[in-house]
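Novice: Can you look at this prediction? I've put the sequence above it.
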Amino acid sequence: YIVILMGGCTSATDSNIGMVQSDIGVALEQQLFVDDGVSNPVELHISCEELKNFDLTSKSDPFAVMFTKNKHTNKWDFIGRTEVVFDNLAPKFVKAITAKYLFEEKQPIKVDIYDADDKDHLEDLSKHEFMGSVEFFLHEVLRAKNQTLKLEIRNPKVPKSGFVIFQGEQIKEKLSSNIIKMNLEGSAIGGKGKLFFKLSRDKNSSANEFIPVYQSEAVKGTFGSYKWRPLKIGTAGLFRDDENKIMQADLFEYRGNGAHVLVSSVKFTFKDLLDSYKWTIGTGSIMFKNVEVIKRASFMDYLFGGLNISLVVAIDFTGSNRSPMDRSSLHFIDPVTNQYMRAIHSVGSILQEYDTDKNMPVLGFGAYVPGIAQVSHCFALNGNIFAPEVRGIDNILGLYQKNLTKLKFAGPTNFQEVIRYAGDFAHFQVVNGIKNNYFVLLILTDGVITDIEETIDEIVRCSRLPMSIVIIGVGDCDFRDMDKLDADTKPLYSTKLNQTMLRDIVQFVPFNSFASNPEELAKQTLKELPKQVVDYMSGMNIPPMLLPPLSMPAPPSSVPSYFQARQINFAQRLGGVAPPDAINTLLGVGFPAEDMQAFGTALKTGFTNTLYGQINFITAYHEQQLIF
């Protein structure tokens, strides 16, 4: 899992039909809480009617954002958002939002409706047109007839802006996290254009209401044959783990203006699907094929199986932070800490408890290090790139303070190299068959990154590895580009790799939003980690390990072995010379004389104070020229 801390300042297409959550049941399971006797989760399904059109040449592209009022700050806190429904003034959102219901409290809820104007920055609400808002108390939904509440949208500038309808479901039981996979293929469906289907489940109300839980992409047929992407969804979301629950499938002919034409509907149960269910449509049909239920292990299952979480810390030392001696600097220690240190402590103190040996690589980027004549975008804070680990968070903070003033802050702000460096850890363990270790890269940064495309390339690569990234933005800079890397609404695509990210591995959190509450900072930073771990493990078909009673897993060897492998590999590239000859060998292959003079000066600074450290320091420089 990678955490990035930052501070300082320096289209709608046919495929959007499929932007609704294809794994919404899985996502839902992660939001459900075990009944604690005091609170229960409530799932809210949202739809709209009679929306005003805010677009000139087409219909609006609405989405909803839900907030709850914080009783301590009296501010509206974000709960969740729906997907965008394109070209539609009466959207029925597939993505539900889950809130925690407290009987003993009045819980104010606000839902804002927006017309999406910038599909790449859905999290930045200032980039979208406000269509209106509704406010209510959560208990009003539960007390309404059939748990359905209809409210008129309020917009001071636009009268009669439409209505929002809420359908509530109280989750009384702990649902499973199992996954159902299947393929839908159509044949002999003649005379149709692009088709998509929607799956809904019965709400179990007297009104015979169905709640949408999945919507496919629109595909164009070939001589009446249609084949959609494989469907993968949680059983909890699809049929609430009840094999006899009635479900409904609707087939639509896609229309660019949002007025899709219903072609056919059918009702069935999950038991029906297990028998290769056939949906007859005139003279043609759609077959539900290769239906399979996969038991999905929980995060706790992996922890009980000895899962090790290895933290890697990367700190921004770019010039936009200002000199650490400047009181306005984000690195200024006043009197004993700063934002960087508080963020490292908040997140690291939790993650180190899941790291068996508590040895954590600590990296820096965006600065000149002693003895190196160019800016380094990935260096070991202890001066030894072959052994960059520090034991425990307290020692990390001590090393940070010790070496802070020995660095010359520079720039620009680049993430690619530290992500690649950490990703190499994870790749090393994969190729060596190590399956019970997961990496978290914590990046602390103060500015807008300048290598966003290269960073996306690395994130897409790492989405296939046992690794997550958390970015913490330090300071008051504009972090809107971080929303793109967070990829909560739109998966990242690498043009270099010609690949889309396999899973969401990035979480961005602005430090200032939680500066006075370190517990909440850690909560928001790490809340997606359990799901990301399970997504990787289940996607790679890695089951939890079974440990003997009262046993503890052996400390993982992946990180030390990785560093040993780097040294061996580097020595081989030098021709197998002994360490005392390394400097002369480096000079022989073009190590700049001026850098050698700077290296001699660096030895006097104490940044590297042993022969082993000195050799590694200089070989690390040459390594960076070859690798980075």
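Specialist: That came in fine, so what should we check first?

Novice: now the closest residue in space to residue 545 that isn't next to it in sequence: how far from residue 283?
Specialist: Excluding the flanking residues, the one nearest residue 545 by CB to CB, 6 or more residues apart in numbering is residue 305, at 3.7 Å. Quick note: C-beta positions are derived from backbone N, CA and C, even for glycine. As for residue 305, its distance to residue 283 is 52 Å (criterion: CB to CB, to the nearest Å).

Novice: Check residue 45 too.
Specialist: Residue 45 is 35 Å from residue 283, by CB to CB.

Novice: More neighbours: which of those two?
Specialist: residue 45 (23 against 10; other CB atoms under 10 Å).

Novice: Disregarding flanking residues, what is the spatial nearest neighbour of residue 183?
Specialist: residue 289 is the one closest to residue 183 (CB to CB, 6+ apart), at 4.6 Å.

Novice: Tell me if I am right that the one you found is in a helix.
Specialist: No: going by DSSP: H, G, I helix; E, B strand; the rest coil, the assignment for residue 289 is strand, not a helix.

Novice: need the contact list for it.
Specialist: By CB atoms under 8 Å, 6 or more residues apart in numbering, residue 289 lies in contact with 182-185, 276.

Novice: what pLDDT does it get?
Specialist: At residue 289, the model reports a pLDDT of 90.

Novice: Now restrict the contacts of residue 289 to buried residues only.
Specialist: 182, 184 (16 or more other CB atoms under 10 Å).

Novice: Quickly name whichever of the contacts of residue 289 is closest to residue 536.
Specialist: Using CB to CB, residue 182 is the member of the contacts of residue 289 that lies nearest residue 536, at 22.5 Å.

Novice: Which ones among the contacts of residue 289 lie within strands?
Specialist: Using DSSP state E, 182-185 are the members of the contacts of residue 289 that sit in strands.

Novice: could the contacts of residue 289 go into a markdown table alongside pLDDT and distance to residue 359?
Specialist: Shown next, in a markdown table, are those (pLDDT from 0 to 100; distance: CB to CB, whole Å):
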| residue | pLDDT | distance to residue 359 |
| --- | --- | --- |
| 182 | 90 | 45 |
| 183 | 90 | 46 |
| 184 | 92 | 49 |
| 185 | 92 | 51 |
| 276 | 79 | 53 |
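
Novice: Could you give the number of residues near residue 437?
Specialist: 23.

Novice: Sorry, slip of the keys, the one I care about is residue 363.
Specialist: 23.

Novice: try the one 5 residues further on
Specialist: The local packing of residue 368 (other CB under 10 Å) involves 17 other residues.

Novice: next one: phi and psi at it?
Specialist: phi -90, psi 130 (degrees, to the nearest 10).

Novice: just the contacts of residue 289 now: which is nearest residue 510?
Specialist: For the contacts of residue 289, the nearest to residue 510 is residue 182 (40.1 Å; CB to CB).

Novice: Pretty sure that closest one sits against residue 293.
Specialist: No: applying CB atoms under 8 Å as the test, residue 182 and residue 293 come out as separate, 9.7 Å apart.

Novice: And whichever helix or strand residue 521 is part of, what does it pack against?
Specialist: Following DSSP states H and E, the helix or strand that holds residue 521 is helix 518-526. If contacts are counted by 3 or more CB pairs under 8 Å, 6 or more residues apart in numbering; DSSP states H and E, helix 518-526 sits against helix 339-351, strand 467-473, strand 506-510.

Novice: Count the residues that sit near the residue nearest to residue 283 when sequence neighbours are not counted.
Specialist: Excluding the flanking residues, the one nearest residue 283 by CB to CB, 6+ apart is residue 188, at 5.7 Å. By other CB under 10 Å, 12 other residues sit near residue 188.

Novice: quick one, phi psi at residue 188?
Specialist: With angles defined as degrees, to the nearest 10, residue 188 sits at phi 60, psi 30.

Novice: Surely it and residue 287 touch.
Specialist: No: contact criterion CB under 8 Å: residue 188 and residue 287 do not qualify, at 11.3 Å.

Novice: Next, the distance between the ends of stretch 291-301.
Specialist: 25 Å (CA to CA, to the nearest Å).

Novice: Let me fix that, I meant to ask about stretch 464-476.
Specialist: With CA to CA as the measure, stretch 464-476 spans 33 Å from end to end.

Novice: Which secondary structure state does residue 309 sit in?
Specialist: Quick answer, by three-state DSSP: residue 309 is strand.

Novice: what's across from it in the sheet?
Specialist: residue 438 (DSSP bridges).

Novice: how about low-confidence regions in the stretch 351-500 of the chain?
Specialist: Applying pLDDT under 70 to the stretch 351-500 of the chain flags the ranges 488-489.

Novice: the strands in it, which residues?
Specialist: 359-365, 367-368, 379-380, 389-391, 408-409, 437-445, 467-473, 493-494, 499-500 (DSSP state E, counting those that start in this stretch).

Novice: quick one: contacts of the second one?
Specialist: Okay, so that is strand 367-368. 317-318, 374-376, 379, 407-410.

Novice: could you redo the last one with a cut-off of 6 Å?
Specialist: For strand 367-368, contacts defined as CB atoms under 6 Å, 6 or more residues apart in numbering pick out 317, 407-410.

Novice: For the buried ones among these, write the corresponding ChimeraX selection.
Specialist: Per 16+ other CB under 10 Å, the buried members of the contacts of strand 367-368 correspond to this ChimeraX selection:
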select :317,407,409,410
